[in-house]
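Chemist: Okay, here's the prediction I keep looking at, along with the sequence it came from:
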Amino acid sequence: MQLVLNPGMIGCAMGETILTELDDIEALDRAYRARLLRFVAYSTGDMDLAETVVQDCLLKAYNGRESFRGECSVYTWLAHIAGNLVKDHQRTRRFQFWRRVQKTGPDLSELSGILPSGESSPESQILARERAQQVSGALEVLSENQRSIFVMRFVDEMDLAEISAATGMHRSTVKTHLHRAVKAVRQQVGGRV
Amino acid sequence: MEAGYERQDMKDERHLTDEQFTELLIGSRPAWVQAHLMDCVACREEAERVSGAIGDFAQQSLLWAERRTAARSVRVVERHPAYAWLLHPQAWLAGALATALVVGIGMTLHREHLQPVQQAAVTAQPDAHTTQAETAKVQPAAVKVQAEAKITHSTLKADNALLTAIDGELRADLSRGSCREITRNIWKDGGGKRVGRAGKTG
C-alpha cells in the first residue's frame, strides 16, 4: 500500500498551526520577542525605540492576524511589520535631534557573565566576546538598511527571499547591502579587505 | 603549504573577491570555491574567522535579547502583588488627595447643616433686626424655633401687663383702704382671673 501525501492536507495543517500560534499572544510573545528585540535593537542602535517597536509589533500582529496569509514564515511577517514601525517612528522623530544624544544601543558587555556553554575555558570566552564586540562595532558604522539586512541574514538566518519579503527590497538590492556589511565586518575582524 | 600561500598572496586575483567572499558567507558554495578554500589557507582562515565572529555575535546578541526580555517579564510579574501599589509615590499622592476630598466634603456638609440653626438662633432673639420677610425664608426648623420665641415674647408681654395691672390696682387700693384687703382680693381671684384682668389691661 502506497502512502500518498495530499498537498492540500499539508497546507491546511500548516495553516492551523500558524493560526494557533498567532491566536495566542503570550505564545507569540514568548516565541518571537527576544529575536525581534535583537533585530530591531541592532538595526536601529536604539534600545528605547527597539522596546517600543517590538511591543507595538507584537500587538499589531496579534490584532491583524486575520490578514496573515501564510505565504511566508511568521517571523518574516513580524520582521516586515517591525521594519515598517521603525520607519514610522523615525519619520515622526526626524526633527527630534536630541534623541541622538540619548540614543543607547545594545551593549554586549552586559553579557560578561553569560557566554556560550561550548566555550569552556576563560580564554575562549574572552576571545568569543571580543569577536562578538568587533562585529557589533562594525555594525555601528553601517547604514540602517545594511545593519538590518546583515542581522536578518547572519543573525536571524533568513534567506534572501525572506529578507526581500520582509524589507520590500529587490533581491539584488539586498545583496548589495549584504556585500557592504560583510566588507565592513571583515575590516573590523581583520580581514584582507 | 606555506609556499602555496605566498604564491597566492602575490597573485591577489587568485583570492576570493569581496562579492565571492560574501556569497561564500551567505551560503553559496560552488565546487570551485570549495576547491579554492582547500588550496588557499588565507581565504579559508579568513572565512573561518569572519563566520566564527558572526556566529559569536549571533549567539551573544540572542542571549542579550533573551536576558532583556526576561528582565522585562520579571518587571511585569513584580507588579502583581497586592501591596505593590504602595511602592509608588503616585499611590500615596492619590491617597492624600482622596482623604482631603473626603474631609473637605464632610466639613462642607457639616457647615451647611449648622448654618440654618445659627440663623434661626439669630432670628429668635428679641433684639434681632430681622424682618418678617427675612424670617420667612428660614428653614422649617428655624420656623419652629421662631414660633417658640414668639410664644415666650407674648408671655412676657402678658406678664408685664399683669404686673402693670396689679401695680395699678395696688395704687388704687392704697388710696382707698388697707393693704391686707388688697392682698386677699388678689389671691382670691386666682391665676385665670389675673390673666383675664391682664387681658383687659393689655
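Modeler: Nice, thanks for sending it over.
Chemist: Ramachandran angles for residue A:172?
Modeler: Note on residue A:172: its backbone torsions stand at phi -70, psi -40 [degrees, to the nearest 10].
Chemist: what about chain B, any weak spots by pLDDT?
Modeler: Applying pLDDT under 70 to chain B flags the ranges B:1-13, B:71-88, B:116-151, B:176-202.
Chemist: what residues does it put near chain A?
Modeler: Counting by Cβ under 8 Å from any Cβ of the partner chain, the residues of chain B lying close to chain A are B:15, B:18-19, B:21-22, B:25-26, B:42, B:46, B:49-50, B:52-54, B:56-69, B:72. From N, CA and C alone the C-beta is placed, and that goes for glycine too.
Chemist: Which residue comes closest to the residue with the shortest distance to the centre of chain A once chain neighbours are left out?
Modeler: By Cα atoms, centre = their mean, chain A has its centre lying nearest to residue A:39, at 2.9 Å. Computed as Cβ to Cβ, 6 or more residues apart in numbering or on different chains, the closest residue to residue A:39 that is not its neighbour in sequence is residue A:151, at 5.4 Å.
Chemist: Just confirm residue A:139 contacts residue A:154, I think it does.
Modeler: No: under the criterion of Cβ atoms under 8 Å, residue A:139 makes no contact with residue A:154, lying 10.4 Å away.
Chemist: Which one of the two is surrounded by more residues?
Modeler: Applying other Cβ atoms under 10 Å in any protein chain shown to residue A:139 and residue A:154 shows that residue A:139 carries more neighbours, namely 25 against 22.
Chemist: Distance of that one relative to residue A:88?
Modeler: Taking Cβ to Cβ, to the nearest Å as the criterion, residue A:139 is separated from residue A:88 by 22 Å.
Chemist: and what of residue B:100?
Modeler: Taken as Cβ to Cβ, the spacing of residue B:100 relative to residue A:88 amounts to 43 Å.
Chemist: Next: residue A:45.
Modeler: When distances are taken as Cβ to Cβ, residue A:45 and residue A:88 turn out to be 17 Å apart.
Chemist: Compare those two and say which is more crowded by neighbours.
Modeler: Counting neighbours by other Cβ under 10 Å for residue A:45 and for residue A:88 shows that residue A:45 has the greater number, 19 against 12.
Chemist: Got phi/psi on that one?
Modeler: Dihedral angles of residue A:45 (phi, psi; degrees, to the nearest 10) stand at phi 70, psi 20.
Chemist: gap between the residue nearest to residue B:18 when sequence neighbours are not counted and residue A:167?
Modeler: Leaving aside its sequence neighbours, residue B:18 sits nearest to residue A:183 (Cβ to Cβ, 6+ apart; 5.6 Å). Using Cβ to Cβ, we find residue A:183 at a distance of 19 Å from residue A:167.
Chemist: elements contacting the strand or helix carrying residue A:85?
Modeler: Secondary structure from DSSP states H and E places residue A:85 in helix A:74-92. Contact analysis of helix A:74-92 by 3 or more Cβ pairs under 8 Å, 6 or more residues apart in numbering or on different chains; DSSP states H and E lists helix A:7-23, helix A:25-44, helix A:47-63, helix A:160-167 as its packing neighbours.
Chemist: got a markdown table for the ones you listed, with distance to residue B:172 and mean pLDDT too?
Modeler: Compiled in a markdown table, the helices and strands packed on helix A:74-92 are given as follows (distance: least, Cβ to Cβ, whole Å; pLDDT from 0 to 100):
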| stretch | distance to residue B:172 | mean pLDDT |
| --- | --- | --- |
| helix A:7-23 | 114 | 54 |
| helix A:25-44 | 110 | 89 |
| helix A:47-63 | 108 | 90 |
| helix A:160-167 | 126 | 91 |
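Chemist: Any chance of those helices in JSON lines with distance to residue A:121 as columns?
Modeler: What follows is the helices and strands packed on helix A:74-92, written out as JSON lines (distance: least, Cβ to Cβ, whole Å):
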{"stretch": "helix A:7-23", "distance to residue A:121": "40"}
{"stretch": "helix A:25-44", "distance to residue A:121": "26"}
{"stretch": "helix A:47-63", "distance to residue A:121": "31"}
{"stretch": "helix A:160-167", "distance to residue A:121": "36"}
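Chemist: which SS class is residue A:169?
Modeler: Three-state assignment for residue A:169 (DSSP: H, G, I helix; E, B strand; the rest coil): coil.
Chemist: got a list of what the closest residue to residue B:62 other than its chain neighbours touches?
Modeler: Nearest non-adjacent residue to residue B:62, counting by Cβ to Cβ, 6+ apart: residue A:38, 6.0 Å away. By Cβ atoms under 8 Å, 6 or more residues apart in numbering or on different chains, the contact list for residue A:38 reads A:106, A:151, A:155-156, B:61-62, B:64-65.
Chemist: Adding neighbour count and distance to residue A:32, write those residues out as JSON lines.
Modeler: Putting the contacts of residue A:38 into JSON lines (neighbours: other Cβ atoms under 10 Å in any protein chain shown; distance: Cβ to Cβ, whole Å) gives the following:
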{"residue": "A:106", "neighbour count": "22", "distance to residue A:32": "17"}
{"residue": "A:151", "neighbour count": "25", "distance to residue A:32": "14"}
{"residue": "A:155", "neighbour count": "22", "distance to residue A:32": "14"}
{"residue": "A:156", "neighbour count": "20", "distance to residue A:32": "11"}
{"residue": "B:61", "neighbour count": "26", "distance to residue A:32": "15"}
{"residue": "B:62", "neighbour count": "16", "distance to residue A:32": "12"}
{"residue": "B:64", "neighbour count": "24", "distance to residue A:32": "16"}
{"residue": "B:65", "neighbour count": "24", "distance to residue A:32": "11"}
